[in-house]
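Trainee: pasting a predicted model and its sequence here:
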Amino acid sequence: MEKYKVIEIKESVFKNNDEQADLLRSDLKKENTFLLNLMSSPGSGKTTTVLRTIEALKDEMKIGVMEADIDSDVDADTVSKTGAKVIQLHTGGMCHLDADMTKQGLVELGTDDVEFVILENVGNLVCPAEFDTGSSKNAMILSVPEGHDKPLKYPLIFSVVDVVLINKIDAIEYFDFDLDLVKEHIKKRNPNAKVIEISAKTGEGIDEWANWIREEVKTWNN
């Protein structure tokens, strides 16, 4: 006779979250609201990339931004200066957002007058990749200073994204970063992931990134 039961709580939590994510994605599809889940490690340039993205698309799309952090409202305050609709989400110590938390954020943001929403997820390469937020597409930023070995060390996040932005490309000459090798590593993890080289600081590659968004939003709304 068994002394105790072993219950796979983690599996059931993921299953419930996946179901909630699918429902949220379906609702967003009906509303013609495109939700982009943007992930990366801290310091990779997420917020600066968000600012560049808003600048490139603000005359074409009604944009909303959800800034997720454990604490502070620094990023939301920064984004608010662009005129985009923005809210700050505090996770209360959680290192990620799940589908229910994302839904709560969307309710508070309000999507009636928004067609493109950027969710800037909590900064790390582990937890955010494990939880489906209900987003239309997933994107991540890998910055040059982080090194070209990150797809080997953090395989899950590279496997769940639709596009990888290699940021700070303007500084590549100062770091031991092999661009060809990192692309090879990414393709091994995710053959379908698009890789775009950008510099959020100088604006290099932002046109290609904005065009990717335009096409995805168009496809989502058809």
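Mentor: Sure thing, it's come through. Numbers count the residues shown, from 1 in each chain.

Trainee: what about D132, which helix or strand?
Mentor: Per DSSP states H and E: D132 is located in neither a helix nor a strand.

Trainee: so which residue is dead centre in the protein?
Mentor: In the chain, the C-alpha nearest the mean C-alpha coordinate belongs to L38, at 1.2 Å (C-alpha atoms, centre = their mean).

Trainee: show me the beta-bridge partners of it.
Mentor: E120, A139 (DSSP bridges).

Trainee: how close does it get to K62?
Mentor: 18 Å (C-beta to C-beta, to the nearest Å). (C-beta placed from N, C-alpha, C; glycine too.)

Trainee: and the strands in the protein?
Mentor: 34-40, 63-69, 85-90, 116-120, 137-143, 163-167, 194-197 (DSSP state E).

Trainee: now what about the worst-scoring helix or strand of the chain on mean pLDDT, what contacts it?
Mentor: The weakest-scoring helix or strand in the chain, judged by mean pLDDT, DSSP states H and E, is helix 9-31 (a mean of 86). By C-beta atoms under 8 Å, 6 or more residues apart in numbering, the residues outside helix 9-31 that reach it are 34-35, 98-100, 102-103, 106, 111, 130-136, 220.

Trainee: buried sites along that helix?
Mentor: Neighbour-count burial for helix 9-31 flags 17, 20-21, 24-25, 28 (criterion: 16 or more other C-beta atoms under 10 Å).

Trainee: what of stretch 45-56?
Mentor: The neighbour-count check on stretch 45-56 (16+ other C-beta under 10 Å) flags 45-54, 56 as buried.
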